[in-house]
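**Q** I'd like to go over a predicted model; first the sequence, then the structure.
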Amino acid sequence: MSSTDENTGVIGSIYRFFSTTPQIMAPKKVTIIGSGNWGSAIARIVGNTTKAYPQEFDPEVRMWVFEEVVNGEKLSEVINTRHENVKYLPGKILPTNVVAVTDLVESCVGSHLLVFVVPHQFVKGICEKLVGKIPTDAQAISLIKGVSTEKKGGLKLISEEIKEILKIEVSVLMGANLAPEVANDNFCEATIGCKRKATDGPLLKKLFHTENFRINVVEDAHTVELCGALKNVVACAAGFTDGLGYGDNTKAAVIRLGLMETTKFVEHYYPGSNLQTFFESCGIADLITTCYGGRNRKVCEAFVKTGKPLAEVEKELLNGQSAQGPLTAEEVFLMMQKTGLETKFPLFTAVHRICKGEMKPAELVDCLRNHPEHL
Ligand SMILES: NC(=O)C1=CN([C@@H]2O[C@H](COP(=O)(O)OP(=O)(O)OC[C@H]3O[C@@H](n4cnc5c(N)ncnc54)[C@H](O)[C@@H]3O)[C@@H](O)[C@H]2O)C=CC1
Ligand SMILES: O=C(CO)COP(=O)(O)O
């Protein structure tokens, strides 16, 4: 059906009726854009929920795979034959209805639900390739923890970046979700931030909600998303204190001060945000899990202990996975520098400066002694 048919005359009316009437809408096709550690873990959930709800979802889930050769085999072929992402989630079997597709556009054509889950620095390029290639009534949900690298000095959320380029509605999903533990089906929670909670919330919840992955949907989407991004910066600070051997009291103080800076940062950019959101999984819970079990913490601890450059430590420890904290710290610092806010966020500022080699890790605590929280 051509786009003009869709909008005019009897055919247009019929099209509008069938495409907007929930109870008889065609099952939605889902594409997962990303197949890393989290992308693969979430594919295990989405592969099963799309099979469980055939009225709502097409059971075939396409997963865009950034092709690479692993032990002499194409990763996409290994996924489609052995149903295992041997590089980014080894040892976990993916549902057979999750199909690896290496052509980005082909993976998304006809999909009405796009699940973005790539390291945040790749989002802009991916979206630009998809312009004009997806249904105009598609919607997205971003599981990406970071802020846009594009607007140097000004805040742009990843969800805003996706919406700006693709002209579609974008919700977010953040939470205390270390991918390997989610892939083990360990009980945990997550928060969906959905501005159109009443209309879009129920379907998004169905896509992710399981016995061991418990979803709560809130409308305060920007707070949900910023919690997910900023906790990675705090996790770097936690890793520095672990590397310095400062113990749990200091780490707890860093976590608390990091949470306070997060609330102040959100309030600065989004006055009137809902304080309750920080008590959702996306807030305090994700901060805790990441500051004890995350990759950012691990990399930053090793950075202190080995004295090696951060990029080298990340490469050695993460085998192609990405620590999002240092890049997010830089993006946040540029925003604060532009508005002269560095002194109000000494922890965020110190993390950036330590990551850049402008400050020694041991100077972190000195930056916190006169924190605005203690004045
Ligand atoms: N791993 C985890 O435990 C969790 C991660 N997240 C977030 O999910 C997002 C995605 O992270 P992961 O899935 O863990 O990825 P990852 O950290 O495992 O990164 C590896 C992925 O990046 C892809 N990649 C590498 N170069 C690329 C390029 N030039 N273009 C496109 N893709 C490229 C690789 O193909 C691979 O799929 C991040 O924002 C992360 O913060 C959120 C919750 C948990
Ligand atoms: O987001 C995560 C847990 O919720 C994963 O954190 P890391 O990227 O630090 O591993």
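**A** Okay, I see it. Worth saying up front: this structure is predicted, and the values here are computed from it rather than measured. Numbering: from 1, shown residues only. Ligands and ions are numbered 1, 2, ... in the order given.
**Q** and residue 142, what are its phi and psi?
**A** Dihedral pair for residue 142: phi -100, psi 130, per degrees, to the nearest 10.
**Q** which residue, other than its chain neighbours, is closest to it?
**A** Closest residue in space to residue 142, ignoring its immediate chain neighbours: residue 116 at 4.5 Å, by C-beta to C-beta, 6 or more residues apart in numbering. The C-beta positions use only the backbone N, C-alpha and C, and glycine is treated the same way.
**Q** so who does that neighbour touch?
**A** Residue 116 sits next to 33, 34, 123, 126, 140, 141, 142, 143, 144, 158, 162 when contact means C-beta atoms under 8 Å, 6 or more residues apart in numbering.
**Q** take the residues you listed and keep only those in helices.
**A** 123, 126, 158, 162 (DSSP state H).
**Q** okay, residue 63: pLDDT?
**A** pLDDT for residue 63: 98.
**Q** what's the burial count for residue 55?
**A** Neighbours of residue 55 under the rule other C-beta atoms under 10 Å: 10.
**Q** and if you look at the one 5 residues further on?
**A** With neighbours defined by other C-beta under 10 Å, the count for residue 60 comes to 14.
**Q** excluding chain neighbours, give the residue nearest to it in space.
**A** Take residue 60 and drop its neighbours on the chain: the residue closest to it by C-beta to C-beta, 6+ apart is residue 97, 5.7 Å away.
**Q** I'd like the distance between the one you found and ligand 2.
**A** 26 Å (C-beta to the nearest ligand atom, to the nearest Å).
**Q** wait, that residue touches residue 50, no?
**A** Yes. The criterion here is C-beta atoms under 8 Å, and residue 97 meets it with residue 50 at 6.9 Å.
**Q** now for the two: what residues contact both?
**A** Joint contacts of residue 97 and residue 50 (C-beta under 8 Å, 6+ apart) are 59, 60, 61.
**Q** quick check: which element contains the last one?
**A** Here residue 61 is covered by strand 57-64, with elements defined by DSSP states H and E.
**Q** whichever residue of the stretch 101-250 of the chain sits closest to ligand 2: neighbour count?
**A** When scored by C-beta to the nearest ligand atom, the stretch 101-250 of the chain has residue 177 as its residue closest to ligand 2, at 4.2 Å. Neighbourhood size, residue 177 [other C-beta under 10 Å]: 25.
**Q** how about the contacts made by it?
**A** If you count contacts by C-beta under 8 Å, 6+ apart, residue 177 has them with 38, 41, 188, 190, 281, 286, 289.
**Q** those residues: which ones sit near ligand 2?
**A** Restricting the contacts of residue 177 to those touching ligand 2 (C-beta under 6 Å from any ligand atom) yields 286, 289.
**Q** can you read off the pLDDT for the residue in the chain that ligand 1 sits nearest to?
**A** Closest contact between the chain and ligand 1, by C-beta to the nearest ligand atom, is at residue 36 (2.4 Å). At residue 36, the model reports a pLDDT of 98.
**Q** up against ligand 1, what does the stretch 51-200 of the chain have?
**A** So the stretch 51-200 of the chain meets ligand 1 at 66, 88, 117-120, 122, 143-146, 177-179 (C-beta under 6 Å from any ligand atom).
**Q** now intersect these with the strands, please.
**A** Here DSSP state E is the test, and those give no hits in strands at all.
**Q** so which of those residues wins on neighbours?
**A** Most neighbours among those, by other C-beta under 10 Å: residue 144, with 30 neighbours.
**Q** close enough to count as contact, that residue and residue 115?
**A** No. Here residue 144 does not reach residue 115: they are 10.1 Å apart, not a contact under C-beta under 8 Å.
**Q** closest residue of the stretch 251-375 of the chain to ligand 2?
**A** Nearest to ligand 2, among the residues of the stretch 251-375 of the chain, is residue 294, at 2.6 Å (C-beta to the nearest ligand atom).
**Q** and that residue, backbone torsions?
**A** Per-residue torsions, residue 294: phi -90, psi 170 (degrees, to the nearest 10).
**Q** what does the one 10 residues further on give?
**A** For residue 304, the backbone dihedrals (degrees, to the nearest 10) come out as phi -70, psi -50.
**Q** report pLDDT for it.
**A** On pLDDT, residue 304 comes in at 98.
**Q** number of residues surrounding it?
**A** Residue crowding around residue 304 was assessed by other C-beta under 10 Å; the count is 20.
**Q** repeat for the one 10 residues further on
**A** Residue 314 has 23 neighbours, counted by other C-beta under 10 Å.
**Q** surely residue 287 and residue 254 touch.
**A** No. Counting by C-beta under 8 Å, residue 287 stays clear of residue 254, with 10.3 Å between them.
**Q** quick revisit: report the contact partners of the residue of the stretch 251-375 of the chain closest to ligand 2.
**A** Contact partners of residue 294, counting by C-beta under 8 Å, 6+ apart, are 178, 232, 235.
**Q** name the nearest residue to the second one, ignoring sequence neighbours.
**A** For residue 232, the nearest residue in space outside its immediate sequence neighbours is residue 325; the separation is 3.7 Å by C-beta to C-beta, 6+ apart.
**Q** which ones are touching residue 275?
**A** Contacts of residue 275 (C-beta under 8 Å, 6+ apart): residue 263.
**Q** likewise residue 77?
**A** With contacts defined as C-beta under 8 Å, 6+ apart, residue 77 is in contact with residue 100.
**Q** helix or strand: which one has it?
**A** Residue 77 belongs to helix 75-82, assigned by DSSP H and E.
**Q** packing partners for the following helix or strand past that helix?
**A** Moving toward the C-terminus from helix 75-82, the first helix or strand encountered (DSSP H and E) is strand 98-101. The contact analysis (3 or more C-beta pairs under 8 Å, 6 or more residues apart in numbering; DSSP states H and E) places strand 98-101 against helix 37-52, strand 57-64, helix 75-82.
**Q** show residues contacting strand 98-101.
**A** Identification of contacts with strand 98-101 by C-beta under 8 Å, 6+ apart yields 32, 35, 43-44, 46-47, 60-65, 75-77, 79-80, 83, 107.
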